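Engineer: predicted model and sequence below, questions to follow.
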Amino acid sequence: MPSLSFATADVALMSEHDIDVVLEIERRGNPHPWTREHFENALRSGYLCFVAREGAEISGFAIVRILVDDAELLLIAVSPDRRRSGCATLLLNEVLLRLRELGKSPLHLEVRASNLPAIRFYEAREFLACGRRKNYYPNGVLGNEREDAVLMQRAINV
Ligand SMILES: CC(C)(COP(=O)(O)OP(=O)(O)OC[C@H]1O[C@@H](n2cnc3c(N)ncnc32)[C@H](O)[C@@H]1OP(=O)(O)O)[C@@H](O)C(=O)NCCC(=O)NCCS
C-alpha cells in the first residue's frame, strides 16, 4: 500500500484556473503532452477532470472520457516529486467512485509499452492487459521508431 503522506490531500474537480499547473505536470510526465487547448476542450466536453490537492498545491490530475456504456482513462499524472505517495491511487479511487455512480463499466486505457511504472501502477490497481496496438504511438521514447500501446481495462462493480 502507498504511504499515508496523502492522507491530507483531497480530490476536486479541475477548473480552468488549474490548467497552468496541470500543464506543467503533464509536460514533465508525457513525452507527447496535451496542450492547453486539449485541456480546455476536455473541460468543455464534460469529461471527468480531477485534480489532487495538498493545501493550495496541485500534485496530480486525471482525465476520463465517459462513453455510452464504459469510460476511458485518457490521462493520469503526478508531479515527479510527489510520486509513490498514493496520489494517483487517490485520483483513481475518485474516478472509480464516480463511474460506479454513473453505472459505467469497464474503465479502459492505453499505455506505452515502455511505461513500466504506469503498467505496474495499473496492475496493482486490478487492471488487466487485454490487447496490444502495434506501432500505435508515433515516437518511441527511445528514438524515432514507433511504439506499441498496451490496452488495459478494469471492470467497475455497478
Ligand atoms: C504512473 C503514475 C501516475 C503513478 O502515480 P503515483 O502517484 O506514483 O502512484 P501511487 O503512489 O498512487 O501508486 C504507486 C503504486 O503504483 C506502482 N508504481 C508506481 N510507480 C512505480 C514504479 N516506478 N515502479 C514500480 N511500481 C510503480 C506500485 O504498485 C506503487 O505502489 P508502492 O509505492 O506501494 O510500491 C506516475 O508514475 C506518473 O505520473 N507517471 C507519468 C505519467 C504517466 O505515465 N501516466 C500514465 C500514462 S498511461
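Structural biologist: Cool, got the structure. Numbers count the residues shown, from 1 in each chain.
Engineer: only C-alpha atoms from now on, for both contacts and neighbour counts.
Structural biologist: OK.
Engineer: and the strands in this structure, which stretches?
Structural biologist: With DSSP state E, the ranges of strands along the chain come out as 10-13, 48-54, 57-66, 71-78, 107-112, 128-137, 147-154.
Engineer: ok, Ile76 - contacts?
Structural biologist: The neighbours of Ile76, taking C-alpha atoms under 8 Å, 6 or more residues apart in numbering as the test, are Gly60, Phe61, Ala62, Ile63, Ala88.
Engineer: repeat that for 10 Å
Structural biologist: Contact partners of Ile76, counting by C-alpha atoms under 10 Å, 6 or more residues apart in numbering, are 26, 29-30, 49-51, 60-64, 88, 91-92, 118.
Engineer: emit the PyMOL select command for whichever of the residues you listed are buried.
Structural biologist: The buried subset of those, as determined by 16 or more other C-alpha atoms under 10 Å, is captured in PyMOL by this line:
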select buried, resi 26+49+50+51+60+61+62+63+64+88+91+92+118
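Engineer: ok, which pair from the contacts of Ile76 is furthest apart?
Structural biologist: For the contacts of Ile76, the maximum inter-member distance is 18.9 Å, found between Cys49 and Ala118 (C-alpha to C-alpha).
Engineer: between the contacts of Ile76, which is closest to Pro106?
Structural biologist: Compare each of the contacts of Ile76 with Pro106 using C-alpha to C-alpha and the shortest gap goes to Val64, at 12.1 Å.
Engineer: switch the strands of the chain over to JSON lines; also include distance to the ligand.
Structural biologist: Below are those laid out as JSON lines (distance: least, C-alpha to the nearest ligand atom, whole Å):
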{"stretch": "strand 10-13", "distance to the ligand": "13"}
{"stretch": "strand 48-54", "distance to the ligand": "10"}
{"stretch": "strand 57-66", "distance to the ligand": "7"}
{"stretch": "strand 71-78", "distance to the ligand": "3"}
{"stretch": "strand 107-112", "distance to the ligand": "4"}
{"stretch": "strand 128-137", "distance to the ligand": "12"}
{"stretch": "strand 147-154", "distance to the ligand": "9"}
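Engineer: got those as CSV, with mean pLDDT columns?
Structural biologist: Formatted as CSV, the strands of the chain follow (pLDDT from 0 to 100):
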stretch, mean pLDDT
strand 10-13, 96
strand 48-54, 97
strand 57-66, 97
strand 71-78, 98
strand 107-112, 97
strand 128-137, 95
strand 147-154, 96
